[in-house]
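Chemist: any chance you can model this:
(chains A and B)
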Amino acid sequence: EPEVTQTPSHQVTQMGQEVILRCVPISNHLYFYWYRQILGQKVEFLVSFYNNEISEKSEIFDDQFSVERPDGSNFTLKIRSTKLEDSAMYFCASSEKRGRGYTFGSGTRLTVV
Amino acid sequence: QQPVQSPQAVILREGEDAVINCSSSKALYSVHWYRQKHGEAPIFLMILLKGGEQKGHDKISASFNEKKQQSSLYLTASQLSYSGTYFCGTEIGSSNTGKLIFGQGTTLQVKP
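Modeler: Numbering: from 1, shown residues only, chains lettered A, B, ... in the order given. Model prediction:
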């Protein structure tokens, strides 16, 4: 069964550093998303991406985050100037089209120290 | 804007039934249901589109009441493998991005 692949599985970074999280969505999917989940809490929307551009972003997105699809397969999330409260599990998800379920990647656990 | 799930937690014995509810204040295009086990990614269970349909998946089914903007997930004859946290994800009708807003989750524990 097709998978969404995320790397790395775990990243430890110092406060103030920049990190890049990588995702390879399912090849025939057209909608891509980043969500994050602080331990034991809800799954929080960050950004949606369609047709090579951001289609919607959350209120917190502009301050620190950016996304790119540099080569038609990878989908990256860059977090600038990380803070302790950015420690969370970051999930990439993709969907074939609207009205279809998401396939989530296995996530990147980001720990900011 | 976040949908409200109830109950927050459920403890069952194998073979018992459970219902998890999801309620939104917004007009919805669709409701998704996902199950997440500890330390893993959410897994898609089913989607319900506006129109009040009910879907089934083995012994797990769901309904969507479009008038009330409410969805319910039904787990019948629960198995140990049903344990996990269940999230509903709602897609607002006015959006065309496919973005989901997730509820806070319902933790289900099935005991032998």
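Chemist: out of the helices and strands in chain A, which is least certain?
Modeler: helix A:61-64 (a mean of 85; mean pLDDT, DSSP states H and E).
Chemist: pretty sure residue A:26 is in a helix, no?
Modeler: No: counting by DSSP: H, G, I helix; E, B strand; the rest coil, one finds residue A:26 to be coil, located in no helix.
Chemist: so it sits against residue A:1, correct?
Modeler: No: between residue A:26 and residue A:1 there is no contact under Cβ atoms under 8 Å: 9.6 Å. The C-beta positions use only the backbone N, C-alpha and C, and glycine is treated the same way.
Chemist: residue contacts, residue B:83?
Modeler: Each residue near residue B:83 by Cβ atoms under 8 Å, 6 or more residues apart in numbering or on different chains is listed here: B:37, B:108, B:109, B:110.
Chemist: thinking again about what came up before, between residue A:26 and residue A:1, who's got more neighbours?
Modeler: Neighbour comparison, residue A:26 and residue A:1: the larger count goes to residue A:26, with 18 against 4 (by other Cβ atoms under 10 Å in any protein chain shown).
Chemist: what is the burial count for residue 4?
Modeler: Chain wasn't specified; assuming chain A. 22.
Chemist: not quite, I wanted chain B
Modeler: 13.
Chemist: quick check: chain neighbours aside, which residue is closest to it?
Modeler: residue B:23 (5.0 Å; Cβ to Cβ, 6 or more residues apart in numbering or on different chains).
Chemist: per-residue pLDDT, the closest residue to residue A:9 other than its chain neighbours?
Modeler: Leaving aside its chain neighbours, residue A:9 sits nearest to residue A:108 (6.4 Å; criterion: Cβ to Cβ, 6+ apart). The model reports residue A:108 with a pLDDT of 97.
Chemist: again with residue B:96
Modeler: 82.
Chemist: residues touching the residue nearest to residue A:9, list them.
Modeler: The contact partners of residue A:108, by Cβ under 8 Å, 6+ apart, come to A:6, A:7, A:8, A:9, A:10, A:11, A:21, A:89, A:90.
Chemist: near chain A, which residues of chain B?
Modeler: B:2, B:29-30, B:32, B:34, B:40-44, B:46-47, B:49, B:87, B:89, B:91, B:95-105 (Cβ under 8 Å from any Cβ of the partner chain).
Chemist: among these, name the buried ones.
Modeler: Among these, those buried by neighbour count (16 or more other Cβ atoms under 10 Å in any protein chain shown) are B:29-30, B:32, B:34, B:41-42, B:44, B:46-47, B:49, B:87, B:89, B:91, B:95, B:97-105.
Chemist: Three-state assignment for residue 73, please.
Modeler: Picked chain A for this. Residue A:73 is classified as coil under three-state DSSP.
Chemist: just give the number of residues close to the nearest residue to residue A:97 once chain neighbours are set aside.
Modeler: Residue nearest to residue A:97 in three dimensions, not counting chain neighbours: residue A:30, with 6.0 Å by Cβ to Cβ, 6+ apart. Neighbourhood size, residue A:30 [other Cβ under 10 Å]: 16.
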